[in-house]
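Engineer: sequence first, predicted coordinates after that:
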Amino acid sequence: MLRIGITGTGSLIGQAIIKSIKESSFCRDCYVVGFDYFKNTVGSYWVNKNHLLPDILDNKITESQWVNAVTEALGNERLQILLIGLDFELKLFAKYGQKMEQATGCKIVVSDKRVIEIADDKYLTFQFLKNNGLHFPQTYLATELSDGKVKFPAILKPRVGARSRGVYVVRNDGDLNDKLMKIKDPILQELVGDDSEEYTCAVIFFDHQVKEMIALKRELRDGNTYSACHSRSFPRSIYDYIHKIAMKLEPYGACNFQLRIDSNNIPKLFEINARHSGTTYMRSLFGFQEVEYVIRYVLGQEIPRFEIRDGLVKRYFEEIFIGAEGS
């Protein structure tokens, strides 16, 4: 029986991983342990057992306390592999993952510190693309802005952020100056294409090789993908582009890329998530079984063959009843 750990049972990412496992070929032969910082998350009812971790975002909790708690749980549960479902944990697991693996034997699926930093900081993402000769949206720090330099409309966003929080389209200097006051550590970025040409892409990368890729055209609602479609007719340039990015970046496991096609049909990436994403389960419905692939590859098992199908996936709200006994 596989013994699998997943962090972030309250997050869209963690829940997407759990749902993917429930639809996998080993769903009847695995023991799944969840981790989070809050009680009674929805995902906690989908796993065999859920652990509460010390809140590392609380200043009273030290990294040492957090590391000890995670390591103890991994060891006690005899987990074979841990998948990460929360963004803020990536740096911690990149820093302490090897130590945890040595102590427990549990494989921690996380990219190295360099990859996490490039993905986490959108200005570093821009510099990474530029320095490697890859197409990029022109990007400025607030300190680099000057009269006549900016082509409007443009995107103003936090240098570090996710799910479209604090993101504005600015259309003139007055608009820009007003919004600059509202964002901590902002960047200004070229507005690439329009909503109709936005893609969320995933790559599985191990041992210096791109193993699998998929591109989905998406529609957003409140910063999250609520509709995604796949077609074999999507431009080949998208796959060539994300393949080149992945080969330069060298993530470990699943990595997510957000991009748009510009008016010259050139794909330009504006965000990297060096992890599974909130669309992980949506991708599995197209046949892209990234969670099963990653688990089997890391544990040295026979990996699945993907049969990707064209179509549309829609996301919707659903409910769960929790009985008095808590299940």
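Structural biologist: Perfect, I can see it now. Numbering: from 1, shown residues only.
Engineer: Ala119 and Lys113 touch, don't they?
Structural biologist: No. Under the criterion of C-beta atoms under 8 Å, Ala119 is not in contact with Lys113, lying 11.0 Å apart. C-beta coordinates here come from the backbone N, C-alpha and C atoms, glycine included.
Engineer: more crowded one of these two?
Structural biologist: Ala119 (24 against 12; other C-beta atoms under 10 Å).
Engineer: need phi/psi at the more buried one.
Structural biologist: phi -70, psi -30 (degrees, to the nearest 10).
Engineer: distance of Lys248 from Gly133?
Structural biologist: 9 Å (C-beta to C-beta, to the nearest Å).
Engineer: those two: which has the busier surroundings?
Structural biologist: Between Lys248 and Gly133, Lys248 has the larger neighbour count (other C-beta under 10 Å), namely 14 against 9.
Engineer: any idea which element the more buried one lies in?
Structural biologist: Following DSSP states H and E, one finds Lys248 within helix 236-249.
Engineer: what's that helix in contact with?
Structural biologist: Residues outside helix 236-249 that contact it (C-beta atoms under 8 Å, 6 or more residues apart in numbering) are 115, 118, 128-129, 132, 134-135, 199, 201, 203, 205, 208, 210, 213, 215, 255, 257, 259, 261, 265-267, 269, 272, 274.
Engineer: any idea which element Phe136 lies in?
Structural biologist: Per DSSP H and E, there is no helix or strand for Phe136.
Engineer: just for this protein, where's the confidence low?
Structural biologist: 147, 162-164, 326-327 (pLDDT under 70).
Engineer: redo that, cut-off 80
Structural biologist: 146-149, 161-165, 222-223, 325-327 (pLDDT under 80).
Engineer: helices along that one, start to end?
Structural biologist: 12-22, 63-76, 89-104, 113-120, 122-131, 173-180, 236-249, 280-285, 290-298 (DSSP state H).
Engineer: report the angle between the axes of the first one and helix 290-298?
Structural biologist: This means helix 12-22. 70 degrees (axes from the mean of the first three to the mean of the last three C-alpha atoms, to 10 degrees).
Engineer: convert the C-alpha atoms of helix 12-22 to CSV, please.
Structural biologist: What follows is helix 12-22, C-alpha atoms only, in CSV (Å, rounded to 0.1, in the frame of the first residue of the first chain):
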residue,chain,number,x,y,z
LEU,A,12,-7.4,24.5,-3.9
ILE,A,13,-4.0,23.0,-4.8
GLY,A,14,-4.0,20.4,-2.0
GLN,A,15,-7.6,19.4,-2.8
ALA,A,16,-6.8,19.1,-6.5
ILE,A,17,-4.0,16.7,-5.6
ILE,A,18,-6.3,14.6,-3.3
LYS,A,19,-9.0,14.4,-6.0
SER,A,20,-6.5,13.3,-8.5
ILE,A,21,-5.3,10.5,-6.2
LYS,A,22,-8.9,9.4,-5.7
